[in-house]
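> Got a sequence here, can you build the structure:
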Amino acid sequence: MYEKVFADFPLLKTSRVDLRAVCADDVAIVYAFNGSLDALRYVARDPYTALTEAEEKVQVFLESIDKKTGLWWTFVLRQTGQSMGYGGLFDLDTDDGSAEIGYGLLPEFWGQGHITEIVGEMVRFGLAEMELSLIHALVVPGNVASEKVLLGHGFERGEVFVDHSQARGESFDMGRFEKKRG
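The predicted structure is shown next:
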């Protein structure tokens with residue numbers, strides 16, 4: 001079902017942002033996002049303290065592309081060429097035609113509508129081009145901005161998983177959001 005999208009990695013575009021394939025050179029942006037407590041405010045993850053952690057994460061992204069279990073993009077502001085963050089459609093399930101969507105944007109780009117464009121394009125691609133039947137997201141309750149983006153793109157709020165993840169010495173609940181094709 002998804003072979004055609006992996007044959008030639010899809011480069012996506014919004015009005016202001018290019019979404020290009022994550023590559024080994026993206027260690028810096030992955031580290032910048034994951035090393036910042038500000039950026040991780042609504043992410044259940046311990047902050048990275050060494051560049052090797054970002055190198056390992058990029059390797060996981062590249063392996064998921066090779067194994068055809070995920071597509072990972074780096075978000076690049078077209079006007080300046082600056083990397084803004086990254087995200088993808090991952091945990092592809094060929095049996096039920098579903099995938100999870102995830103994304104992260106550096107705080108200096110928050111509140112400018114970029115992630116709304118980016119998520120819209122990833123969702124469009126997943127449902128129309130990949131022919132996914134369902135895309136879901138997990139969001140820490142209280143992440144109003146992310147909830148607003150997902151709801152604005154037609155996702156429906158689902159159940160909340162209590163104590164779903166542990167990081168930074170605390171437990172995080174996760175709310176599930178879903179969007180079905182057609």
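
> what about residue 107, neighbour count?
Residues within reach of residue 107, counting by other CB atoms under 10 Å, total 14. C-beta here means a position set from N, CA and C on the backbone, and glycine is covered the same way.

> Residue 42 is in contact with that one, correct?
No - counting by CB atoms under 8 Å, residue 107 does not reach residue 42; the two are 11.1 Å apart.

> Correct me if wrong: residue 174 contacts residue 140.
Yes - the criterion here is CB under 8 Å, and residue 174 meets it with residue 140 at 6.4 Å.

> what sits in contact with each of those two?
Counting by CB atoms under 8 Å, 6 or more residues apart in numbering, the shared contacts of residue 174 and residue 140 are residue 44.

> can you list contacts of the lowest-mean-pLDDT helix or strand in the chain?
Lowest by mean pLDDT, DSSP states H and E among the helices and strands of the chain is helix 3-7, with a mean of 82. Helix 3-7 is contacted by residues 65, 68, 71, 129, 130 when judged by CB under 8 Å, 6+ apart.

> Using PyMOL, define a selection of the buried residues within the residues you listed.
Selecting only the buried entries of the contacts of helix 3-7 in PyMOL, with 16 or more other CB atoms under 10 Å as the criterion:
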select buried, resi 65+71+130
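
> Can you lay out the contacts of helix 3-7 as a markdown table showing pLDDT and distance to residue 144?
Shown next, in a markdown table, are these (pLDDT from 0 to 100; distance: CB to CB, whole Å):
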| residue | pLDDT | distance to residue 144 |
| --- | --- | --- |
| 65 | 95 | 32 |
| 68 | 93 | 34 |
| 71 | 97 | 27 |
| 129 | 94 | 30 |
| 130 | 95 | 29 |
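
> how about the contacts of helix 3-7, which pair is most distant?
The largest separation in those, counting by CB to CB, is between 65 and 129 at 15.7 Å.

> from the chain's centre, how far out does the helix or strand harbouring residue 32 sit?
Using DSSP states H and E, residue 32 sits in helix 27-34. Its chain's C-alpha centre and that of helix 27-34 lie 14 Å apart, by CA atoms, centre = their mean, to the nearest Å.

> Buried residues of the helix or strand that comes right after that helix, list them for me.
For helix 27-34, the following helix or strand on the C-terminal side (DSSP H and E) is helix 51-66. Across helix 51-66, burial judged by 16+ other CB under 10 Å covers 53, 54, 57, 58, 61, 62, 64, 65.
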